[in-house]
Structures are given as structure tokens and as C-alpha cells.
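**Student:** Return atomic coordinates for the entry below.
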Amino acid sequence: MTEMRDMVAAEWLKVRTLRSTWAFLGGGVVATALGAMILFFLVQAYDAATPADRAHYETADPTVVTMPFVMFFVGAIGAMLITSEFTTRSIGPTLLAVPQRGLLLGAKATVARLVGLGSGALFALLAFADARLLLGDRPQPINPWPMWTDAVPTVLCATVIVLVTCLVAMGLGALVRSTAAALTTLGGLVLVAPIFAHFLPTEWHLRFASVLLPNLTPQLAGSNHPYLLSQAGAAAVTAGYVLLALLAGAISFRRRDA
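**Tutor:** Numbers count the residues shown, from 1 in each chain. Sure thing, here's the model as predicted:
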């Protein structure tokens, strides 16, 4: 237990001293600010629209615009927890100090979980505070939360999905051992794939989009959405992402030479 605690402390020190960590957190701040700006212009257009047009406005949910970019930036920190050591060749000395690869990966996963939880909660709260402030008392459909308490499940589930993305990215990093490859795969998963899904026929769009990480938030929260999964199904898919990524990363990390 003491050894694991020391390893987590060492990994936490590493992630705090990486300049990329603060750069990616800065990216999350920028994404949140841009999301608020887009929402501001949407609200302005809504106020200028006729009552008939207002009825056709989509829900102003920040999980659609802001949180996928937050997921990417926070997930990138998780990937860099391990790919940075392969890039700088410091993984060799690390393994000399901690030869138990399973414990080392567990310590990195613990730090990734802490980063994902803390950053996810922060950015989710900021995004939804911006939305609540800008939407005010405007009615549905543009305002998905008539009362602020209605947003609590979505905020919590958005936090969980950011945490999961950070763990998945760390698993990808252990698997591919390359920062560029890990970030490209992560970007494809959380940014490109949801856009690609819109070009599929409706039936296939819903099947494909329902299992993508950014679209799991409303399904986990049980809010209004067009996707196909129940809350239990969304929870199972979410757990599957974590188990698959960490298992693949652990097998690769244990069996391949550093």
C-alpha cells in the first residue's frame, strides 16, 4: 500500500510538471469560452426569431459543442502520462525504479482518474453555469433545464464521461506508445467519429452514434435524446470502453520491451 501511494505521488508530480498538462488544460478553458460565445449568439438569434421559428430551435446543450473538445484536451493529458515517457526515453529509468509494470500502470491509471474527475467536474460546471446564465428563464426547447436542478444529472454524467475518456486515452497511450498516434486516435474517437456519423443513413447513424463517447452523456443522464441506448446500456458501453482500453494497454505494456 505504501509503495502504491508513493508511485501515485511520483506520477502526480510528473503530470504537474509537464508543460503539456497546462497547455491542454488551457485548451479546455478556450473550448469552454468558445462554447459560451456560440451559445450567446444562438440565444441572440433565438430572441430575434418569430414564435413559430423558436419552436424549431434545437436544445442549447453544451455537451454537444463544448464537452467533446474538453474530452479531447483532458484525455490528451491521460495519454501523455505514458507516451511522454516513451518519447523522452525516460520509461527505462522508470521501470528500473518500479519493475512491477502492473503496479506502475495502476499508478498512472489512478492519476488519470484523478485528472479526469477533477478537470471533468470543473469544465462541466463551467459549461453548464454559462448555459444557465445565458439561457435564463427562456422556455423549452432551447432551454433543456427549466430548473437548475434539472441539469445536475447531465453535469454528473458529463464529468463521468470526461473521466472515462482520460482513462481510455491512457490505455491508448500504453498500447500505441506514441503521442501523435494516441492523440490522433483520441481525436478521431471523440471529434471526428460523431461528425462522420451524421453522414450515414438515419438508421445506421443512430446505431453508430449511440455508442460514441460524446453521445453517452445524455443517455447516461436519461435526458431527452434521439439515441438508442437505455441508461443501463449506456453504462455498460461506458464500462466497456474503460475495460477494453486499459486491458489492451496493460497487455501491450507488460509484453513489449520498453
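**Student:** What about the closest residue to residue 20 other than its chain neighbours, how many residues nearby?
**Tutor:** Once flanking residues are discounted, residue 20 sits nearest to residue 80: 5.3 Å by CB to CB, 6 or more residues apart in numbering. C-beta: built from backbone N, CA, C; applies to glycine. Residue neighbour count, defined by other CB atoms under 10 Å, stands at 25 for residue 80.
**Student:** wouldn't residue 80 be in contact with residue 172 here?
**Tutor:** No - here residue 80 does not reach residue 172: they are 11.2 Å apart, not a contact under CB atoms under 8 Å.
**Student:** What is the burial count for the residue nearest to residue 197 when sequence neighbours are not counted?
**Tutor:** The spatial neighbour of residue 197 that comes closest, neighbours along the chain excluded (CB to CB, 6+ apart), is residue 209 at 4.2 Å. By the other CB under 10 Å criterion, the neighbourhood of residue 209 contains 20 residues.
**Student:** just residue 193 next, same as before
**Tutor:** Taking other CB under 10 Å as the criterion, the count of residues near residue 193 is 17.
**Student:** Next: the one 10 residues further on.
**Tutor:** Counted with other CB under 10 Å, the neighbours of residue 203 add up to 9.
**Student:** Could you do residue 9 as well?
**Tutor:** Taking other CB under 10 Å as the criterion, the count of residues near residue 9 is 12.
**Student:** helix or strand for it, which one?
**Tutor:** When elements are assigned from DSSP states H and E, residue 9 belongs to helix 2-17.
**Student:** Going by neighbour count, which residues of the helix or strand just after that helix are buried?
**Tutor:** Read in the C-terminal direction, the helix or strand following helix 2-17 is helix 19-48, with elements assigned using DSSP H and E. The neighbour-count check on helix 19-48 (16 or more other CB atoms under 10 Å) flags 21, 24-25, 27-28, 31-32, 35-36, 39, 42-43, 46 as buried.
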